[in-house]
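Peer 1: Give me a 3D structure for the following:
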Amino acid sequence: MSGTRHERLRRGGITALEICAVAALYYAVGRLGLLQQLVRGQVTPLWPSTGIALAGLLLLGRRIWPGIALGALLINMSLGPSLPAVLAIVAGNTLAPLCSYALLLRAGFRTEMDRLRDALVLVFLGALTGMLVSATVGSATLLLAGVLSAQGFWPTWSVWWTGDAMGVLLVAPVLLVLRAVRRPRSVPGARWAEGALLVAATVCVGFLQTSPVPLLFLGFPVLIWAAFRFQRAGAAPCALALSTFAIVAAAERTGPFAVHNLLTNMIMLQAFNGSIAFTALLLGAAVSERNQTQHDIQQACSQLSDMVERIAPDEGRRGRPEGGGGEGGNL
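Peer 2: Next up, the predicted model:
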C-alpha cells in the first residue's frame, strides 16, 4: 500500500511539474509574440504559444491541458477587456490545441514526422482546422465586449486564425524535432562546417528580407538546402528563423512591408509564412521518407544476399554424387 501511494504521489508530482512547465513556456513565448502585435495589442501574425500547447499535448498527453489554460489566463489577464471576456478567450485558447490534438490522434499522426502524411495532417488538421476554434471564440468575444466593430471582426479573425496556425506550423515542429535530437556520433568535420554555413546563410538571408528591396524569395533556396541535407532537424528551425525575420519587418513596416497598408502586409506576410512552413514540413518529411525507403531497400537486399550465400553451398552439396567417385569400378 505504501509503495502504491508513493508511486501515485510521484506521478502526481511529475504531472504538476509538467503542467507548471507548460504554463511557464506558454506565458513566456506568448509575451514574446505580443511584441509583434498588429491588432488591438493582443492579436499577432505569429502566436507561438499554440505551438507550445500542441507540442506539449503530443509529447506529454492530455493531462497537461491545465497548463495551457493557466498560461493563457496569465497572458490575457493583463489585456482585458473584462473578466468574462478574458475567461472566454482563455477557453478558446485552451480548446483549440485540444481539438487539434484530437484530430491528429484520430488521423494517426506520428511525432517523428517522417512521413509525408504527417506533414499534411499537421497542416490541414492541426493548424488550419483546429485553430478555427480560438480565432472564432476570441474575435467573437472582442466583438461582444464592444472593443471591436462589426467591420473589424473579419480582419481580426483572419489575423488571429493565421497567427495561431503559424504558431502550430512553425513552433511545434521545432519542439518535436528537439525532443528527438540525440548527440551525434562520428560526424565528419565537413558536416559540422556545412551546418555552420547553413546557419550563417539563414541569418544573412533573414537580414536581406528586411532590406528595402523585396527579397523574401531568397529564403526558399536556403530552406530547400536545409531540408535536403538535414531533413526535419534543419528545415524546421530554418523556417522559424526566416519567418521571424519577416514578422519583425512587417511589424516595424520596413523592407518590403514599408509601402503597403495593414491588410496588404498581412496577406503578404502570412502567404510567405505559410509557404515557408508548408515547404519545410513537406520537404523534410519527403526526404526523411525517401531515406527510410532507401534504408529498407538496403536491408532487404542485404538479407536477400545472406539467404543466397546460405543456400548456395547447400545446393552445391546436393548436386555432388555420393562417394566422391568417378565412373570406373574396381579392377
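Peer 1: CA only for contacts and neighbour counts going forward, please
Peer 2: Noted.
Peer 1: so what's Glu327 scoring on pLDDT?
Peer 2: Glu327 carries a pLDDT value of 46.
Peer 1: All the helices of the stretch 151-300 of the chain, residue numbers only.
Peer 2: Per DSSP state H, counting those that start in this stretch, the stretch 151-300 of the chain carries helices over the ranges 172-180, 189-209, 219-251, 262-319.
Peer 1: for the stretch 1-150 of the chain, same thing?
Peer 2: Under DSSP H, counting those that start in this stretch, the stretch 1-150 of the chain gives helices at 2-34, 48-60, 65-77, 83-106, 116-121, 132-144, 150-170.
Peer 1: still on that earlier bit, quick one: closest of the helices of the stretch 151-300 of the chain to Val133.
Peer 2: Among those, the nearest to Val133 by C-alpha to C-alpha is helix 172-180 (17.9 Å).
Peer 1: could you dump the helices of the stretch 1-150 of the chain to a markdown table with mean neighbour count?
Peer 2: As requested, those are exported to a markdown table (neighbours: other C-alpha atoms under 10 Å):
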| stretch | mean neighbour count |
| --- | --- |
| helix 2-34 | 16 |
| helix 48-60 | 25 |
| helix 65-77 | 22 |
| helix 83-106 | 21 |
| helix 116-121 | 20 |
| helix 132-144 | 21 |
| helix 150-170 | 23 |
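Peer 1: Format these as a markdown table; extra columns: distance to Ala286 and mean pLDDT.
Peer 2: Output for the helices of the stretch 1-150 of the chain, formatted as a markdown table (distance: least, C-alpha to C-alpha, whole Å; pLDDT from 0 to 100):
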| stretch | distance to Ala286 | mean pLDDT |
| --- | --- | --- |
| helix 2-34 | 30 | 86 |
| helix 48-60 | 21 | 94 |
| helix 65-77 | 32 | 94 |
| helix 83-106 | 19 | 95 |
| helix 116-121 | 5 | 91 |
| helix 132-144 | 27 | 93 |
| helix 150-170 | 16 | 89 |
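Peer 1: Just send the ones you listed back as TSV, with distance to Asn273 too.
Peer 2: As requested, the helices of the stretch 1-150 of the chain are exported to TSV (distance: least, C-alpha to C-alpha, whole Å):
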stretch	distance to Asn273
helix 2-34	15
helix 48-60	13
helix 65-77	24
helix 83-106	20
helix 116-121	16
helix 132-144	18
helix 150-170	7
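Peer 1: separation between the spatially closest residue to Val259 that is not a sequence neighbour and Ser243?
Peer 2: Using C-alpha to C-alpha, 6 or more residues apart in numbering and skipping the chain neighbours, the partner closest in space to Val259 is Arg253 (7.7 Å). Look at Arg253 and Ser243: by C-alpha to C-alpha, to the nearest Å, they are 15 Å apart.
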